[in-house]
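Q: what follows is a predicted structure for the sequence shown.
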Amino acid sequence: MQKPFQTIDYQCPAPHVVRIVLDRPAHRNAQDTRMLYELNEAFDRAAQDDEIKVIILAATGPHFSAGHDLREPDKEEAIGRHRTVGTWCGFACDGAEGQMAREKEMYQGLSERWRNIAKPTIAAVQGRCISGGLMLVWPCDIIVAAQDAQFMDNTVAMGLNGAEYFAHPWELGFRKAKEMLFTADFLSADDAHRLGMVNHVVPVGELGGFTLNLAQRIARKPLFALKLAKESVNNAQDAQGRNGVMNAAFGLHQLAHSHNKLKFGVSIDPSGIDPAMRGKVVLPGLADVPD
Ligand code: ZN
């Protein structure tokens, strides 16, 4: 028997369709170590089940995801409990090595792995989707947004160059990518739709039904052709240099963490964070950032 998940729900709402649901609503679905590895296990389960053709990623509660859980207690211990899925290893190393290893696997690595699942994936997003939250929805093939969805990357305000999965130029276009990073303003569902970042905007109450209907229509197509179509479009992005850009940005991201540690003693710059946002539940990690 498969072991139950604690931070997500694995549902089979229709034939050939799996729905993976983020289920930490009290934490605004902030991603702790367990959630990231459970998500990966759930994606693997759906990918390896030949009966499944389409995977939906959804979330319970008013907000899709507040991003990475920066308040996670005993994070190092939690990481030790979860087996790594890559070969980078060295999570416990000191200096810059351990943090780079963890982010290489848990952040950039898992998002890239999910982006390359050989089945169509659809994200269904309501409420706020912040920084690390983008690293769950951007790897999906299709994004359906509720009208109240809002997207934000506030990592520049935290002394970094962007979230670890640096897909911003492809998701938004170059100018809007810069504006999103420079301002940390929220992008509305309608603006995200206009820019091509989301496929559909639907009323909040229709998000689940609309997404499931879309998944079922896709699931009527031959799976091998769906796989080939997905890979063909992904190849087009990669031919534009996406991988090289993402890896270069990841290196700069690690430089920024090291700079912040040298200058402030913590891996992010606490000075650029709007005091009004500190401690807000939608940004759970900021409560712990020293003044
Ligand atoms: Zn980072």
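A: That came through, no problem.
Q: every contact and neighbour count from this point should use C-alpha atoms.
A: Fine.
Q: now the strands for the stretch 1-150 of the chain?
A: Along the stretch 1-150 of the chain, counting by DSSP state E, counting those that start in this stretch, strands occupy 8-14, 17-22, 54-59, 121-125, 128-130, 142-146, 150-152.
Q: hey, C-alpha coordinates of the second one in PDB?
A: Just to be clear, that refers to strand 17-22. C-alpha atoms of strand 17-22 as PDB (Å, rounded to 0.1, in the frame of the first residue of the first chain):
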ATOM      1  CA  VAL A  17      -6.800  12.400 -14.700                       C
ATOM      2  CA  VAL A  18      -4.900  12.900 -11.400                       C
ATOM      3  CA  ARG A  19      -5.300  16.000  -9.300                       C
ATOM      4  CA  ILE A  20      -2.400  16.800  -6.900                       C
ATOM      5  CA  VAL A  21      -3.600  19.300  -4.300                       C
ATOM      6  CA  LEU A  22      -1.400  21.500  -2.100                       C
END
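Q: so for the lengthiest helix in the chain, what gets flagged as buried?
A: Criterion DSSP state H: the longest helix present in the chain is helix 242-264. Buried residues in helix 242-264, counted by 16 or more other C-alpha atoms under 10 Å: 242, 246-247, 249-250, 252-261.
Q: circling back: the strands of the stretch 1-150 of the chain: which one's closest to residue 96?
A: strand 128-130 (25.0 Å; C-alpha to C-alpha).
Q: what's that closest one in contact with?
A: For strand 128-130, contacts defined as C-alpha atoms under 8 Å, 6 or more residues apart in numbering pick out 62-67, 149-154, 282.
Q: for these, which entry has the maximal number of neighbours?
A: In terms of neighbour count, residue 65 stands highest of these at 35 neighbours, by other C-alpha atoms under 10 Å.
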